[in-house]
Structure formats: C-alpha cells, structure tokens
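Colleague: Sequence and predicted structure are below.
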Amino acid sequence: MEQIHRVARVVTSRWFVKGAFLAYFVWACVSLWRFAEWARGNGPYVSRPEAVAGILPVGHFTSFFAWLKGGGWDPFLPAGLVIIIAAVLTSLLFKRGFCGWICPVGTLWEAAASLGRRLMGGRNLRPPRWLDIAGRSLRYLIAAAALGFIGLVSVQEAVWFRELPYMWVADIKILEGFFTPVFMAVIALAFVLSVLFGPVWCRWLCPLGGLYSVFGMASACTVMRDEKTCISCSRCTEVCHAFVDVERAGDVRAAECDGCMDCVKECPVDGCLTARALRRLVIPAWVWPLLVVGLWLGIYAVAKVSGNWDTSIPVEAFAQIIRSGLLEQQTPGFF
Ligand code: SF4
Ligand code: SF4
C-alpha cells in the first residue's frame with residue numbers, strides 16, 4: 001500500500017506531469033524538424049505531429065476568434081484551435097492550470113528557478129514590489145494589445161489568413177528560428193533571470209499567461225483557507241512560487257495562482273488549506289493534476305475521434321510549399 005502511495009505521489013507531482021508534457025513537446029519538435037528534412041529530400045518520411053501547433057499561438061488565436069465570430073472551424077490546422085480551447089477551458093475550471101501543469105516553455109523557466117532556489121538557499125530573489133507590479137502590468141498590456149489586434153481582424157481576413165500556405169508551415173519557420181544566435185541569446189538571458197528571480201517570462205512577459213490569469217480569476221475551482229483552523233505559520237506563503245500571500249487569503253483568487261498545489265501540500269493543519277470546486281467540494285491535492293490532465297486528454301480524444309484534430313492538408317502539399325523555398329523568404333516569422 002505504501003508503495004502505491006509513493007507511485008501515486010510521483011505520478012501526480014508537478015515535475016513528473018510537466019516533465020512528461022515537456023518530453024512530448026520535444027519529441028513533437030524533433031518530429032517536425034525531421035518532417036521538414038524529409039520534405040527537402042534529406043531523410044526518411046516522418047509524420048507531421050499536430051500537437052506542435054502550440055508554438056503558433058497568435059495564428060491560432062486568430063483562428064479562434066474567427067471561429068467565435070462564425071467563421072467556422074479551421075480545417076487546415078485544427079489542432080491549434082483545439083489547444084487554445086483546451087487552455088481557456090482549463091483556466092476557467094482550474095486556475096492557470098495550463099501554466100501550472102502543462103506549458104513546456106514554463107517548465108524550462110521553472111527548472112531554472114528551481115536551480116536558483118537550490119543555489120541561493122531555498123528562495124529566488126524577490127524583485128522590489130514596484131518592479132514586480134510594473135512587470136506584471138506589462139504582461140497584461142501585451143496580452144490586451146495582442147488580443148485587441150487579433151480580435152479586430154475581420155472574419156474574412158482571419159479565414160484568408162488561415163488559408164495562407166505560409167501559415168501552414170510557419171511552425172517550421174519558428175522551430176528553425178529557435179536556433180538563430182539572437183534567439184539563443186534571448187533564451188540564455190531568460191534562463192539567467194529565471195535562476196535569479198524565478199520564471200520572469202511567465203510572470204512578466206507571457207501574454208498567454210496574462211490571458212489565462214484573467215480567466216483563472218473566475219475559475220470554478222480554487223484553493224481556500226479556513227481562517228478558524230489556520231495557525232498563521234506562513235508556510236503556504238513561503239512555499240508559493242507565484243508569490244501569492246496565501247496566508248492572508250480566504251479564497252485564493254490571485255491572478256498569479258496556477259494551481260500548483262504546493263501550498264495545500266505544505267499546510268501542516270489537516271483540512272485548513274484545501275482545493276475546492278465551487279467553494280464546497282474538496283479536491284484532494286493529488287486529484288487536481290489528474291483533473292487538469294484528464295481534461296486535456298479528454299478534449300484531445302474527442303477532437304481526434306471526431307476528426308477535428310488532424311490536418312486536412314495533404315502531406316504532398318506541405319512538401320511542395322517547403323520545397324518552393326517559402327520558408328527561406330524574409331516573411332514575418334512571428335506567426
Ligand atoms: S502555492 Fe498555492 S497559491 Fe501559490 S500558485 Fe500554488 S496553488 Fe496557487
Ligand atoms: S500553511 Fe496552513 S496553517 Fe500555515 S498559514 Fe498557511 S493556511 Fe495557515
């Protein structure tokens with residue numbers, strides 16, 4: 001029995017879950033790279049992984065708005081649309097659950113932050129409050145500007161945009177951009193800053209995180225503190241990697257909370273700090289990740305089985321576009 005508990009603890013730990021998603025993401029990127037090499041005639045055929053659509057958030061948010069405005073489902077790269085819908089639903093149910101348990105980019109920065117905590121005696125440096133507020137505001141500004149811009153795109157333009165051959169291979173362009181010296185330098189800088197101050201990209205810059213934070217504030221499930229049994233030991237606040245002052249919160253509505261469950265696990269008083277659905281039903285800390293991951297896998301399974309996950313673009317069309325040299329042209333790589 002003790003062995004089963006130990007296995008359950010490992011499998012539902014954040015490092016295990018996030019590590020699994022990161023490993024899958026790396027595999028998907030390698031497969032996409034090999035697919036592009038095959039298209040250029042440089043290797044054997046490798047099927048194109050749909051999940052890598054996640055590296056095109058701006059393009060797929062355009063598609064998402066087009067869908068909301070009645071422009072129909074994206075038949076070309078539907079996986080991107082499914083991923084956006086899954087992330088929004090996760091936020092509405094489980095705080096920034098996408099950031100806390102799934103996002104492979106965030107996992108890298110958190111690994112850096114964890115390294116920093118080990119090197120600096122258990123805590124990352126805390127930036128001054130004014131700088132933190134300014135940084136977090138910047139994230140919301142970027143999110144609002146990006147969403148405002150995308151939201152204003154007309155349905156016709158958005159539909160036209162997703163029909164562009166460039167859009168179909170933009171993920172490869174972005175992937176190849178990861179290996180440019182400028183990008184590597186930015187990554188190195190972000191890594192060092194994360195070692196020192198925690199995941200600064202997630203906290204200050206990521207527009208997706210900003211958007212999911214807003215949805216997460218209305219989340220149906222949150223962490224709740226029982227004031228009557230709390231012994232004010234501060235352990236929850238100390239352990240929170242998102243710098244949420246859990247000790248003073250009743251219902252943790254903080255935008256930064258990603259539902260990592262560290263505070264719930266840390267609280268020494270049984271039943272004092274709990275995750276709850278609709279403020280009532282207690283969700284054990286180990287069940288929370290199962291719900292988040294279950295939601296993702298459930299949405300993926302429904303999309304896959306109903307034919308709303310795989311691209312309808314023939315593989316030869318991808319190969320033709322890549323061979324045409326479109327990727328080598330100086331087209332905007334941002335999307
Ligand atoms: S430690 Fe608690 S308050 Fe902080 S992010 Fe994790 S779940 Fe949210
Ligand atoms: S860890 Fe638990 S007992 Fe300690 S301050 Fe937080 S909620 Fe209160």
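Modeller: Arrived safely. Ligands and ions are numbered 1, 2, ... in the order given.

Colleague: If I283 is in a bridge, with which residues?
Modeller: A275 (DSSP bridges).

Colleague: Hmm, C221 and it touching each other?
Modeller: Yes. Counting by CB atoms under 8 Å, I283 touches C221, with 6.3 Å between them. For the C-beta atoms, the positions are set from N, CA and C on the backbone; glycine is no exception.

Colleague: Are there residues contacting both of these two? Which ones?
Modeller: 275-277, 291 (CB atoms under 8 Å, 6 or more residues apart in numbering).

Colleague: Identify, from the residues you listed, the entry nearest to ligand 1.
Modeller: Closest approach to ligand 1 among the shared contacts of I283 and C221 (CB to the nearest ligand atom): A275, at 7.6 Å.

Colleague: hang on, the closest one packs against P289?
Modeller: No. Contact criterion CB under 8 Å: A275 and P289 do not qualify, at 10.6 Å.

Colleague: between those two, what contacts are shared?
Modeller: Joint contacts of A275 and P289 (CB under 8 Å, 6+ apart) are M261.

Colleague: So which bits of the stretch 151-300 of the chain are right by ligand 1?
Modeller: Residues of the stretch 151-300 of the chain found near ligand 1 (CB under 6 Å from any ligand atom) are 223, 239-240, 242, 244, 246, 252, 257-263.

Colleague: List the ones among those residues that fall in helices.
Modeller: 239, 262-263 (DSSP state H).

Colleague: between those, which has the most around it?
Modeller: Counting neighbours by other CB atoms under 10 Å, C263 comes out on top of those with 26 neighbours.

Colleague: Tell me where the stretch 101-250 of the chain has helices.
Modeller: Assigned by DSSP state H, counting those that start in this stretch, the helices in the stretch 101-250 of the chain fall at 104-119, 129-152, 155-162, 165-177, 181-197, 200, 207-216, 235-239.

Colleague: Quick one, which of those helices gets closest to G43.
Modeller: helix 165-177 (14.2 Å; CB to CB).

Colleague: Show the buried residues in the shared contacts of I283 and C221.
Modeller: Listed as buried from these are 275, 291; burial here means 16 or more other CB atoms under 10 Å.

Colleague: would a markdown table of the shared contacts of I283 and C221 with distance to P49 and pLDDT be doable?
Modeller: What follows is the shared contacts of I283 and C221, written out as a markdown table (distance: CB to CB, whole Å; pLDDT from 0 to 100):
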| residue | distance to P49 | pLDDT |
| --- | --- | --- |
| A275 | 33 | 96 |
| R276 | 37 | 96 |
| A277 | 33 | 95 |
| L291 | 25 | 96 |
